[in-house]
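Student: give the three-dimensional model of this entry:
(chains A and B)
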Amino acid sequence: QKEVEQDPGPLSVPEGAIVSLNCTYSNSAFQYFMWYRQYSRKGPELLMYTYSSGNKEDGRFTAQVDKSSKYISLFIRDSQPSDSATYLCAMNQGAQKLVFGQGTRLTINP
Amino acid sequence: DTEVTQTPKHLVMGMTNKKSLKCEQHMGHRAMYWYKQKAKKPPELMFVYSYEKLSINESVPSRFSPECPNSSLLNLHLHALQPEDSALYLCASSQKVADQETQYFGPGTRLLVL
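Tutor: Just a heads-up that it's a prediction; the model follows:
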């Protein structure tokens, strides 16, 4: 069993929809949680990071962490075609090694 | 500014060639990383430098040789690579924020080994 599970998709939704991306993890020692966005043939771009349970909002993006369920989510409101990318969750215990999910390929259709 | 730059953007090399990938950051980050990413897979950690010293080597074959000349620069020297080494090579740097090393990635070098 992988330490971090993420549905690779692909996920296709219409423009304007609310998108929900999720990861589950097995290591209860993980304390820090990140979401990266990666456009095709580009490097990952850090979208959000959090180290506590609850919600963190940044514009159209909300990151949610539920440590009791070992479950994290990224919500995208009013999705745009420019949000089409692969979204990677990543987490660790605070050290330098990140554990990544497989990435979810998301397409927003105009 | 959270910019990590990498050169070249693309590289094609034969199995007998020697080449180098370069990475630069001017954010004052004291940790720098090399990752390898194959298509439709997440990045795989190769090396970590902390304060210009190699702190993590993920059992990478010796045909990959990292070098950190100073706190802003990171090189990856390539020699006698195999076709299966073709991938996107990503550099990252990090700073500690609230006990967490937050990593920022460069755009990558796309390597093709013939």
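Student: distance of A:Pro44 relative to A:Arg37?
Tutor: According to C-beta to C-beta, to the nearest Å, A:Pro44 stands 7 Å off from A:Arg37. Backbone N, C-alpha and C define where each C-beta goes, glycine included.
Student: I misspoke; the intended subject was B:Leu111.
Tutor: According to C-beta to C-beta, B:Leu111 and A:Arg37 sit 23 Å apart.
Student: what's the helix or strand for the residue nearest to B:Glu52 when sequence neighbours are not counted?
Tutor: Leaving aside its sequence neighbours, B:Glu52 sits nearest to B:Cys68 (C-beta to C-beta, 6 or more residues apart in numbering or on different chains; 4.8 Å). Assigned by DSSP states H and E, B:Cys68 belongs to strand B:64-70.
Student: how far out from the middle of the chain is that strand?
Tutor: On the basis of C-alpha atoms, centre = their mean, to the nearest Å, strand B:64-70 sits 9 Å off its chain's mean C-alpha point.
Student: counting contacts, what elements does that strand pack onto?
Tutor: strand B:31-37, strand B:44-50, strand B:53-57, strand B:73-79 (3 or more C-beta pairs under 8 Å, 6 or more residues apart in numbering or on different chains; DSSP states H and E).
Student: which of these is buried the deepest?
Tutor: Compared across the helices and strands packed on strand B:64-70, strand B:31-37 shows the largest average neighbour count, a mean of 24 (mean count of other C-beta atoms under 10 Å in any protein chain shown).
Student: more crowded one of A:Pro44 and A:Arg37?
Tutor: Neighbour tally, A:Pro44 and A:Arg37, criterion other C-beta atoms under 10 Å in any protein chain shown: the higher count belongs to A:Pro44, 30 against 20.
Student: so what sits against both of A:Pro44 and A:Arg37?
Tutor: Residues touching both A:Pro44 and A:Arg37 by C-beta atoms under 8 Å, 6 or more residues apart in numbering or on different chains: A:Leu88.
Student: helix, strand or coil for the closest residue to A:Gln93 other than its chain neighbours?
Tutor: Using C-beta to C-beta, 6+ apart and skipping residues adjacent in sequence, the residue nearest A:Gln93 is A:Ala29, 4.9 Å away. Three-state assignment for A:Ala29 (DSSP: H, G, I helix; E, B strand; the rest coil): coil.
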